[in-house]
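Colleague: no letters, just coordinates:
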Ligand code: PEP
Ligand code: MG
């Protein structure tokens with residue numbers, strides 16, 4: 001059974017359209033179970049009916065003609081209950097309805113299984129037998145399993161077929177759902193991109209002249225470095241510090257020993273350059289593939305992209321330049337940062353990817369550049385859309401292919417509204433984040449690596465509220481030394497001086513393992529992470545603290561932040577080590593100063609000890625990403641539970657209040673640096689609670705500033721008061737949306753004004 005199941009699913013996945021997919025299903029299932037009839041009814045919710053879409057065993061001319069009112073008969077019962085129904089003699093069942101058109105009155109045995117996707121019943125798969133028959137448990141589970149696997153294939157085949165016919169028939173518009181990755185509306189023409197060279201197809205081969213192979217490889221790497229520089233300088237004017245970091249990460253990977261020495265040593269060991277490169281890239285990408293953290297896992301595709309680019313140069317292929325239309329929607333299964341950078345910014349109207357999510361590198365880049373994007377649009381048949389008109393709704397993650405006139409008109413109107421809003425936001429660049437009743441709440445940037453060039457967006461932030469130090473550790477093949485780290489930190493401290501820069505100590509751990517520091521844990525999120533790891537390895541911690549303190553000499557705009565704290569002892573121990581590093585440096589003659597030190601509150605235990613923690617340090621910073629994940633027991637990277645992950649959950653709001661109360665007792669400030677800080681809806685809550693500052697990605701700064709400048713603190717407190725009476729996250733969100741609409745700013749979180 002398992003083997004026939006696998007084969008059927010595979011055949012269905014390869015079907016050209018829905019009709020072919022369903023024909024395969026009914027024929028193969030009927031054969032596998034030995035039934036007299038197998039049919040598929042699909043639910044047409046618009047017209048309130050079940051429609052016979054395919055059959056093997058009933059009259060063929062009934063297909064499309066047999067339409068049952070939604071909920072009628074046994075088909076309706078299976079659909080309504082969303083569970084299988086197995087009857088020896090269907091004719092005796094009270095819900096049985098005989099449909100003359102199909103001649104089905106002669107059948108007794110009945111097995112119906114619902115076809116469900118994302119809790120929605122798409123249709124019913126039905127088996128019938130002339131005689132009375134009780135389908136065995138194996139058969140029931142076989143049909144159920146098949147139906148569950150077919151839902152995705154049915155949706156895909158339906159979209160594929162619709163698109164093929166769309167141009168001629170003008171079929172009514174249905175959008176393809178995906179994930180909202182970057183807000184905005186994009187209308188343009190699809191340009192489909194695909195990987196430039198197939199690294200996996202490269203065979204092993206003995207090199208005739210290893211020295212020449214090594215030279216070819218080095219030249220190819222230099223060429224890619226040149227390409228990167230060109231792309232980076234072209235993109236730079238559109239990107240913030242944080243987003244330019246992607247190019248830095250690429251650069252670091254390109255220059256890493258793992259890549260260069262690894263490939264050269266494989267050439268010396270007897271493989272030609274392309275083969276050696278394939279081995280190196282596969283090994284390097286696998287390290288990232290195995291990481292639990294989505295952001296880091298995405299780096300695997302960066303590594304593969306780099307590999308493909310090097311291979312292209314090795315093969316002396318120069319990609320023919322793409323002629324982009326005036327409004328291009330870049331579409332692909334996996335889009336690389338380089339492919340995005342290849343499109344002149346004024347021509348890039350949108351980005352659509354069938355894979356990934358908002359946290360994938362394409363999503364981050366799109367937000368940084370202000371390009372509307374939808375990710376994970378899995379039903380989009382990429383091969384069929386080149387040159388088609390497309391609409392990307394980046395607010396809702398929706399995509400329309402060849403939109404009808406009504407859809408196009410509506411979205412043109414929304415896009416015009418959007419443009420007006422963007423202009424309005426630009427006008428806020430140099431204005432303070434001050435409420436209408438005069439309350440100032442500084443807005444800081446979250447950032448990681450910092451590019452060589454002076455980035456845009458830096459002027460309007462009050463400094464850096466969260467500098468994540470993990471990336472330089474991850475893209476290397478050994479721990480970076482004090483000098484290398486210092487150069488990195490000095491750069492960001494100088495860039496923002498005299499404004500404060502909050503540097504967080506290393507937050508790696510079970511979910512973000514370093515390639516050169518292996519750890520295997522059954523439960524990595526509850527394992528060796530952040531401060532736990534650095535306290536167990538004081539040599540790592542002290543090296544980093546020394547580098548940071550030395551980097552700040554003469555600037556004195558440094559603040560230190562400790563991640564993943566769950567006990568006061570961790571803070572006491574960390575403070576001892578920081579003081580030790582400080583004293584050692586003074587003894588060595590460095591004019592270092594003790595910086596303000598803060599604790600991240602991102603573990604529930606820390607919430608309840610906020611007061612004791614605040615007593616020990618200078619400030620608290622709430623990491624709402626981890627805090628939400630740990631409070632709600634919802635893995636922040638797991639799509640199956642993504643719906644449960646919600647920062648408006650009453651438990652999260654109460655935790656925030658508790659933290660503020662604890663900090664207030666010692667007159668310490670609280671900042672929020674998780675994603676919640678950059679959400680214009682949450683601004684009401686955080687402002688109302690009296691959070692002292694917010695730190696967010698550059699793309700959110702002006703949107704949040706707009707909300708702050710449009711409301712009073714008194715109003716924020718009123719909204720908070722009502723929010724605290726809500727018992728679920730949905731009610732809180734509705735309340736906040738309402739509040740935002742009332743001040744005319746709904747357009748910040750949805751299309752239109
Ligand atoms: C957080 O957990 O909210 C946070 C800011 O840290 P990170 O996202 O880096 O874990
Ligand atoms: Mg965190």
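Modeller: Nice, I can see it. Quick caveat: nothing in here was measured; it's all calculated off a predicted structure. Ligands and ions are numbered 1, 2, ... in the order given.
Colleague: once you drop chain neighbours, what's closest to residue 490?
Modeller: When the adjacent residues along the chain are set aside, residue 490 lies closest to residue 551, with 4.1 Å between them (Cβ to Cβ, 6 or more residues apart in numbering). For every residue, glycine as well, the C-beta is placed using N, CA and C.
Colleague: was I right to think residue 498 contacts residue 557?
Modeller: Yes: with contacts defined as Cβ atoms under 8 Å, residue 498 counts as touching residue 557 at a distance of 5.5 Å.
Colleague: between the two, point out the one with more neighbours.
Modeller: When residue 498 is set against residue 557 and neighbours are counted by other Cβ atoms under 10 Å, the residue ahead is residue 557, at 18 against 8.
Colleague: correct me if wrong: that one contacts residue 494.
Modeller: No: between residue 557 and residue 494 no contact is recorded; they are 9.1 Å apart, counting by Cβ under 8 Å.
Colleague: distance of the residue nearest to residue 490 from ligand 1?
Modeller: 20 Å (Cβ to the nearest ligand atom, to the nearest Å).
Colleague: what about that residue, neighbour count?
Modeller: By other Cβ under 10 Å, 24 other residues sit near residue 551.
Colleague: ok, it touching residue 493?
Modeller: Yes: A contact is recorded between residue 551 and residue 493 when judged using Cβ under 8 Å, the distance being 5.6 Å.
Colleague: next, show the common contact partners of the two.
Modeller: Counting by Cβ atoms under 8 Å, 6 or more residues apart in numbering, the contacts common to residue 551 and residue 493 are residue 558.
Colleague: can I assume residue 600 sits in a strand?
Modeller: Yes: assessed with DSSP: H, G, I helix; E, B strand; the rest coil, residue 600 lies in a strand.
Colleague: any idea how far residue 462 is from it?
Modeller: Taking Cβ to Cβ, to the nearest Å as the measure, residue 600 falls 19 Å from residue 462.
Colleague: between these two, which one's more packed in?
Modeller: In this comparison of residue 600 against residue 462, neighbours counted by other Cβ under 10 Å, the higher total goes to residue 600 at 28 against 20.
Colleague: beta partners for that one?
Modeller: With DSSP bridges as the criterion, the beta-bridge partners of residue 600 are residue 621.
Colleague: does it touch residue 563 like I think?
Modeller: Yes: at 4.9 Å, residue 600 counts as touching residue 563 under the criterion of Cβ under 8 Å.
Colleague: what sits in contact with each of these two?
Modeller: Listed contacts common to residue 600 and residue 563 are 504, 623; contacts here mean Cβ under 8 Å, 6+ apart.
Colleague: all strands of the stretch 351-500 of the chain, in order?
Modeller: For the stretch 351-500 of the chain, applying DSSP state E, counting those that start in this stretch gives strands covering 373-375, 389-393, 398-401, 443-447, 464-467.
Colleague: who does the first one pair up with?
Modeller: Strand 373-375 has these partner strands in its sheet, going by DSSP bridges: strand 179-182 (antiparallel), strand 348-353 (parallel).
Colleague: ranking those strands by mean pLDDT, which is last?
Modeller: Comparing mean pLDDT across these, the lowest value falls on strand 179-182: a mean of 87.
Colleague: what does that one contact?
Modeller: With Cβ under 8 Å, 6+ apart as the test, strand 179-182 has contacts from 351, 356-358, 360, 362-363, 366-367, 370-376, 394-397, 699.
Colleague: what mean pLDDT does the helix or strand just after that strand have?
Modeller: Tracing the chain C-terminally past strand 179-182 and defining elements by DSSP states H and E, one meets strand 185-192 next. Strand 185-192 comes out with an average pLDDT of 94.
Colleague: I'd like to know which elements strand 185-192 is packed against.
Modeller: Secondary structure elements in contact with strand 185-192, counted by 3 or more Cβ pairs under 8 Å, 6 or more residues apart in numbering; DSSP states H and E, are strand 328-332, strand 348-353, strand 389-393, helix 405-426.
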